[in-house]
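K.L.:
Next input, structure requested:
(one chain, ligands or ions: 1)
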Amino acid sequence: MILHTIETSDREEIERQQIRDLKKTVQLVSKKVPFYKEQLEKRGVDEESITHLVDLQKLPFTTKKDLRNHYPFGLFAADKEDLIRIHASSGTSGKPTIIGYTRNDIHHWTDIVARAITIAGGKREDLLHNAYGYGLFTGGLGLHGGGEKLGITVVPVSTGNTDRQITLIEDLKPDVICATPSYALNIAERMIELGKDPGQTSLRYGIFGAEPWSEEMRKTLEKIFNIKACDIYGLSEVIGPGVAVECHEAQNGLHIAEDHFLVEVIDPNTLEPLPDGEYGELVFTSLKKEAIPVLRYRTGDIASITREKCSCGRTTVRMSRVKGRIDDMLIIRGVNVFPSEIEHCLMTMKELAPHYQLELSKRGHLDEISLKVEMTEDLYAEILQDLQHERVKRLVKEIMHHLKTFCLVSMQIEVLAPRSIPRSEGKAVRVIDVRRSSAAK
Ligand code: DLL
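P.N.:
Just a heads-up that it's a prediction; the model follows:
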């Protein structure tokens, strides 16, 4: 079911509305945000300079650093009394970035997420088990607001207390689960441990995101829960979850909510726009936000876009799965690889469980990378829990060969017993960087 006309409008109509709203946004920030006022004046640009979408390129970029430099409220365009909510980004270092919402922003965001749930297959009569974290993170309250707006019954479980999550899934019989893919997997695994079959629950579909995940991970989640799994993307700086979502019909690229966000893909080094189909850094400009509008926000996420009409009938621009963040890209002896590509490769091997961690360390001046991955319970039983077994040594060689062939990288590999790698309740930690401490040795 398509709820919103913008999703099927012809491209000319979509772009006409985008230009209209971009002009308004430029006008708003040049009046209300000194940072943008200064940047726009320096470039001699105002709302009159925007007549075509390419004029977007006249506007300045915004980075996470700009948000940090203006912490907490320096980039806000709305007065404090007009804010009704604050969220923050999940920064790993330093202070978080603070994001505010006016009443209109919340109204738009809940609409966007209601549409996203619908695109992923949701209906108002559904029951939604929301295992994204509630709090400053936008996942919990974002899916919550969208679910309620659609008229769905939302169960606000948040993350953690996995056994209780399982009881609630069994008793309340939800149709949909929302969680990070790694936490969803964690729930399935715990069910199996408790002698329950995750494939026998009432769940019919899942809306997973907030971290990079691979196509193989989708297959695993779909098989283990016997559901359809759709990818949802978003970031607090732009609004939160719902910026883009996969349709359940095609599961082939994430439809961007183009009436709210203008997307570009740029080369992160030259900052030049890249043609459709090429991978680069995603950049978003908000079109209707009031509290903290953003011009050309550099997400640090790597993906590509296509303007081809989707087989579901929608005409909105679609982005590919996010391969990873620029900062997470590993350069192993000159080869660039994202953890999600390594994940994809590992998960095609039936002896391995979908749990892995990469460790970056330093030997002398050289960066080293090693991989820890778990074997399946079946294999562990077959080798009688003997990790020195010939079969394990052979498996290590097979993984090496696989990684070399498909990801063009070699690394040290350790195959561990099941449940050796810490499980996540939110965003999974796939890469551990011990280069500072190992360099000191
Ligand atoms: O993660 C918002 C969200 C919540 C999205 C729930 C989807 C579901 P932040 O905490 O600000 O916001 O983190 C944003 O997470 O720049 C990406 O690097 C990553 N990310 C989000 N969704 C995806 C996805 C939320 N579907 C950062 N695939 C983004 C890959 C994702 N990475």
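K.L.:
so what are the domain limits for the chain?
P.N.:
As assigned by automatic domain parsing, the chain contains the domains 1-326, 329-440.
K.L.:
For those domains, state which one has the densest average packing.
P.N.:
domain 1-326 (a mean of 19; mean count of other CB atoms under 10 Å). To be clear about C-beta, it is placed using only N, CA and C from the backbone, and glycine gets the same treatment.
K.L.:
Sketch out the strands for the stretch 201-350 of the chain, chain order is fine.
P.N.:
205-209, 228-235, 240-246, 254-256, 261-266, 280-286, 297-303, 305-306, 318-319, 324-325, 330-332, 335-337 (DSSP state E, counting those that start in this stretch).
K.L.:
Run through who's touching the third one.
P.N.:
Going back to what we said before, that points to strand 240-246. 87, 99, 109, 112-113, 115-116, 119-120, 132, 138-139, 141-143, 146, 207, 209-210, 230-235, 252-257, 260-261, 284, 318-319 (CB atoms under 8 Å, 6 or more residues apart in numbering).
K.L.:
among the residues you listed, which are within reach of the ligand?
P.N.:
Subset of the contacts of strand 240-246 in contact with the ligand: 132, 138-139, 142, 209-210, 231-235, counting by CB under 6 Å from any ligand atom.
K.L.:
Roughly how far does the nearest residue to residue 6 once chain neighbours are set aside sit from residue 15?
P.N.:
Spatial nearest neighbour of residue 6, chain neighbours left out: residue 259 (4.4 Å); criterion: CB to CB, 6 or more residues apart in numbering. Applying CB to CB, to the nearest Å, one obtains 11 Å for the distance of residue 259 from residue 15.
K.L.:
Same question for residue 72.
P.N.:
35 Å.
K.L.:
ditto for residue 115
P.N.:
For residue 115, the distance to residue 15 equals 19 Å [CB to CB].
K.L.:
which residues touch whichever residue of the stretch 251-400 of the chain sits closest to the ligand?
P.N.:
Nearest residue of the stretch 251-400 of the chain to the ligand, counting by CB to the nearest ligand atom: residue 322, 3.5 Å away. For residue 322, the contacting residues are 212, 233, 282, 301-303, 340, by CB under 8 Å, 6+ apart.
K.L.:
okay but the residue nearest to residue 6 is in contact with residue 14, surely?
P.N.:
Yes - between residue 259 and residue 14 there is a contact under CB atoms under 8 Å: 7.4 Å.
K.L.:
Tell me which two of the contacts of residue 322 sit farthest apart.
P.N.:
Farthest pair in those (CB to CB) is 282 and 340. Separation: 14.9 Å.
K.L.:
The longest strand along the chain: what's the following helix or strand?
P.N.:
Ordering each strand of the chain by length in residues (DSSP state E) puts strand 352-363 first. Next along the chain after strand 352-363, taking DSSP states H and E as the criterion, comes strand 366-375.
K.L.:
contacts for stretch 50-57?
P.N.:
15, 18-19, 22-23, 26, 49, 58, 262, 264, 273, 285, 296.
K.L.:
how about those, which pair is most distant?
P.N.:
Largest pairwise distance in those, by CB to CB, is 19.9 Å, between 23 and 273.
K.L.:
Spell out which residues of the chain are next to the ligand.
P.N.:
So far as CB under 6 Å from any ligand atom goes, the chain lies against the ligand at 89-90, 132, 137-139, 142, 209-212, 231-236, 240-241, 299, 301, 322, 325.
K.L.:
Report the contact partners of residue 266.
P.N.:
By CB under 8 Å, 6+ apart, residue 266 lies in contact with 272-274, 280-281, 283, 298.
K.L.:
one more time with 7 Å
P.N.:
With CB atoms under 7 Å, 6 or more residues apart in numbering as the criterion, the residues that contact residue 266 are 272-274, 280-281, 283.
K.L.:
before we move on, back to that, what do residue 259 and residue 14 both touch?
P.N.:
residue 6.
K.L.:
Worst mean pLDDT among the domains of the chain?
P.N.:
Among the domains of the chain, domain 329-440 carries the lowest mean pLDDT, at a mean of 92.
K.L.:
tell me how far it is from the chain's mean position?
P.N.:
Domain 329-440 sits 22 Å away from the centroid of its parent chain (CA atoms, centre = their mean, to the nearest Å).
K.L.:
residue ranges for the strands of the stretch 51-200 of the chain, please.
P.N.:
Secondary structure of the stretch 51-200 of the chain (DSSP E, counting those that start in this stretch): strands at 83-88, 98-102, 127-130, 153-155, 176-179.
K.L.:
what's near enough to touch residue 348?
P.N.:
Neighbours of residue 348 in contact, by CB under 7 Å, 6+ apart: residue 216.
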